[in-house]
Each structure stands twice: as C-alpha cells, then as structure tokens.
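What shape does this take:
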Amino acid sequence: MASSVCILASVYYPYRWVAEPTRRLIDAFWPEHPPLFFCGLTSEEAGDLPHIPCRQQEHPRSWAAFVKDAAAELKERGFRHCYFLLEDQPPLAPCHHGHLTETLPRLLDSLGGSYCGLMGWDNRRFTYRAPLLPESQHRLMHLTPSHAPRFHLHPSLWTLEALEACAALTLQAPKQTPWSFEKTCDKADAKLPEAMKTGCYQICAESLMQPEWPEKLQAQIERFTYHRLMAFSPAAHRLGFGPVYWDAIGFDNFFYKGPYPMFYAGVMSRGRLNPFFQRWALGLPDRDPALDHLLQASEITPAM
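Numbering: from 1, shown residues only. Presented below is the predicted three-dimensional model:
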C-alpha cells in the first residue's frame, strides 16, 4: 500500500520560503515518509525542492490549476493516494508511520472512500455531528450531512482522482484559491460524482493513538469546555466583539496530536508567522532543530 501513496504540498508564492522548513519538518518528524512533492513553483523557484514544475510563469497564479496539474502528473507516475497539505501545515511532532502509510490508506480503500481528514473530529473546536464507524474502523466520522466539512484543506489523505476533480471544479469558480476550493467542493450539490461526495471521512486521534487516560481525560474536558465557549460566539459577534473574543479564547490556535501532529491554524497567519504557533513552539522544552530553522527563517523574511 505504501508504494501507492505520496505527499503533495501546494505553495502559495509569497509563502515560498516556508516550503524548505516544511520539508525539513517532514524529514525530521516522518523520516520514512513517502515521496514528497511541492507544486506551485517553477523549477527555477523550487531550486532543490522535490517538485512538479508549475506551468504558469505569471503572478498571481491559479492555485486550483497547479494543484490539478500536479494531481494528474502524480496519477501518471502510478500513485493512487496522496497526503495533500498547504505549505504552512508541516508536522510538528513525530508522525505515526504505520497509520499514515498502511492503516489509513487501507481503510479508505476498504470503504471506497475519496478523502480522510487528519484534523480529527475529536479536536477541541469540532462540533459537527455525523455517523461514526465502529472501533474496529478507528471510529472514523462519515461526513454525510450537507453541512459537514468535506474536502477541507487541513492535511488530509485523498485519492488523486478526487483531488484532481475538486481542483477542476474550482477552476470553474470566480476565484481559484484554497478558500474557494473548500467553499465550492463541500456543497451538497457540488458537481462531483456522488460516490466521491459520500466517500469523505475524518479521523479520531484518540482511537488511532490510544493515549493514556490522563491525556485522554484532559482532551475530553478541554473539548467540553471549548464547545460551551463556542456557543457564546454568535452573541459575541452580535455585541460587536466577536473577533476579539475568538482570538482571546484561541479557538483556531491549538496543537492537535494525531498521527500527523499539526497546529490547527497553520504556522502562518496574515502574511507572517502565526503568533500563537510561535508562542507554542518557543515554549517547547526540547525543540527540534527543524522547528528552530522555521523560527529563524521567519525572522529574516519580510512580512507581506
């Protein structure tokens, strides 16, 4: 199964400097990772990064176009699945190689699935309700409701067929950005094959990682607390302090410890290093040198 899987990271041109730290973090925290490719850069821009050359020379570039081209190229090379991520979503702790290269691809195949999100439904801010598979299938959530977050762009396992189809659909939208991709493709009436739309799942980190009970209890208490705090968010917006409330509570800014450990909001925000991520990383007692490389690179890169 591992030979059919690769990793594809799209690169937003102004964030191109993040690609090299992301490669270092993947190498550090997933040392036996499948073949890694970046897309969105020309060969001149990519340098020694493993990449699929972008056909577009001009800027700004159509994100959906270069993702579609890369997915098609990887299919031609014989890959069937890819872990797809944006350039600012590297792993931030050791990955679970077995689950990522064997468990999840085999499970997705057995379900006839097209997509499996690695930001699991048991994260502290996820509130959607959808059917859960049994423990023997690691309690994946089947994203069937019309409002469920299908085809979202946290790091996820995709069939390359589904990724190419979603990128092609986004090419028909007025904007061809990651934001437009999510808003176009997760609609119940999106013009995608029905089997593709009904083949979307989301992991449960607790089932896959089997944490000790203190960590498990802490995560459950945190999730309960944040769900109650999120319930007040609509009122905060009506009263005029919604964004302040949202940032103060930190709904989008937390570390999620699954088989691909990540920071929910990514390591970048508004053209610069995400300050919540930076605070989290600087507080680590034993920081990996690859994380230090990212922090140092951000200091010499001008903000957008």
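
all contacts plus neighbour counts: C-alpha atoms, from now on.
Will do.

In this protein, where is pLDDT below threshold?
1-2, 145, 300-304 (pLDDT under 70).

Where does Asp109 fall, secondary structure wise?
Assessed by DSSP states H and E, Asp109 sits inside helix 104-110.

Pull the distance from whatever helix or strand comes next after that helix to the chain's centre.
Past helix 104-110, further along toward the C-terminus, the next helix or strand under DSSP H and E is strand 115-117. Its chain's average C-alpha position is 9 Å from that of strand 115-117, according to Cα atoms, centre = their mean, to the nearest Å.

can you list contacts of strand 115-117?
The contact list for strand 115-117, computed with Cα atoms under 8 Å, 6 or more residues apart in numbering, reads 108, 150-152, 154-159, 162, 199-203.

packing partners for the helix holding Asp109?
Contacting helix 104-110 under the criterion 3 or more Cα pairs under 8 Å, 6 or more residues apart in numbering; DSSP states H and E is no other helix or strand.

Now do it: everything it contacts.
Applying Cα under 8 Å, 6+ apart, the contact partners of helix 104-110 are 1, 5, 81, 114-116, 137, 157.

What are the buried residues along it?
Using 16 or more other Cα atoms under 10 Å as the test for burial, helix 104-110 gives 104-105, 107-108.

Let's have these in CSV, adding distance to Leu36.
What follows is the buried residues of helix 104-110, written out as CSV (distance: Cα to Cα, whole Å):
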residue, distance to Leu36
Leu104, 18
Pro105, 16
Leu107, 22
Leu108, 20
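
And those, which is closest to Gln89?
Leu104 (19.1 Å; Cα to Cα).

Ser146: what secondary structure?
Secondary structure, DSSP: H, G, I helix; E, B strand; the rest coil: Ser146 is coil.

For the closest residue to Pro35 other than its chain neighbours, list the residues it contacts.
Nearest residue to Pro35, sequence neighbours excluded (Cα to Cα, 6 or more residues apart in numbering): Cys6, at 5.0 Å. Neighbouring residues of Cys6 by Cα under 8 Å, 6+ apart: 34-37, 79, 81-83.

mind checking the SS state of Cys6?
strand.

how close does it get to Glu32?
Using Cα to Cα, to the nearest Å, Cys6 is found at 12 Å from Glu32.

now do Cys204
According to Cα to Cα, Cys204 and Glu32 sit 23 Å apart.

of the contacts of helix 104-110, buried ones?
Judged by 16+ other Cα under 10 Å, buried ones among the contacts of helix 104-110: 5, 81, 114-116, 137, 157.
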